[in-house]
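**Q** Pasting a predicted model and its sequence here:
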Amino acid sequence: MDMTPSLPANPTRSRSRRAPSVRMRRLGASAMLLLALLTACGGGTGLRPDPAVQHLVVLEALGQVGRPYRFGGTTPDGFDCSGLVQYVYAVAGVRLPRTTVEQYRTGERVKLRELEPGDLLFYRFSRRPVDHVAIYLGDGQAVHAPANGRAVIVASVDLPHWKKRYVDAVRVLR
């Protein structure tokens, strides 16, 4: 049986990946440690994420750091925020809708203090209810595809730029 996940991207068109920096490796190790602790302690919601899928989501999200932003992008050649989320989850075997608003309507709402790696963070930059999504990694960090001219980044959820625009978090992993 073929266990290769189906990807929304053509792998022959994607660029070769650079080796992760020391900072990214440390962040990945921190996220995995936090994931292990959260799995052992449990969360406040009734929805318990599968640790193996959480692990895949975190690693794949970190693997996209440095990829270019492209409005409407859904491949490693260029992502927008919801395209990045959809791609990362598809690699982990989870189908999500394409747009930020549709992703916001998926899953179960969680409080900031109950965040687990893999949860989706939603932000508002306009009059729309939500218009940006990021993947929570653990340890107060999230992966974003922020805007034109910028690459996929890891950023603290406590930075004023993100904190003042935060709307809600959603858990889509079961």
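**A** Arrived safely, thanks for sending.

**Q** Could I get the contacting residues of the closest residue to Leu56 other than its chain neighbours?
**A** Setting aside the residues directly before and after it, Leu56 is nearest to Ala92 in space (Cβ to Cβ, 6 or more residues apart in numbering), at 4.0 Å. In short, each C-beta sits where N, CA and C put it, glycine included. Neighbour list for Ala92: 5, 53, 56-57, 60 [criterion: Cβ atoms under 8 Å, 6 or more residues apart in numbering].

**Q** Apply 10 Å and report the result again.
**A** The contact partners of Ala92, taken as Cβ atoms under 10 Å, 6 or more residues apart in numbering, are 5, 50, 52-61, 118, 173.

**Q** same thing with Tyr104?
**A** For Tyr104, the contact set (Cβ under 10 Å, 6+ apart) comprises 82, 97, 120, 122, 129-131, 133, 167-170.

**Q** same thing but at 6 Å, please
**A** 122, 130 (Cβ atoms under 6 Å, 6 or more residues apart in numbering).

**Q** any idea how far Arg127 is from the most centrally placed residue in the chain?
**A** Nearest residue to the geometric centre of the chain (Cα atoms, centre = their mean): Ile135, 2.3 Å. Look at Ile135 and Arg127: by Cβ to Cβ, to the nearest Å, they are 25 Å apart.

**Q** Ok, Ser82 next?
**A** Applying Cβ to Cβ, the value for Ser82 to Arg127 is 18 Å.

**Q** Please identify which of those two sits among more neighbours.
**A** For the pair Ser82 and Arg127, the greater number of neighbours falls to Ser82 (26 against 6), based on other Cβ atoms under 10 Å.

**Q** now the end-to-end length of stretch 161-170.
**A** Across stretch 161-170, the straight-line distance between its terminal residues is 20 Å, by Cα to Cα, to the nearest Å.

**Q** Could you list the low-pLDDT ranges of this structure?
**A** For the chain, the stretches with pLDDT under 70 are 1-48.

**Q** ranges for the strands of it?
**A** Under the criterion DSSP state E, the chain carries strands at the ranges 74-75, 78-79, 108-110, 120-123, 132-138, 141-144, 153-156, 166-171.
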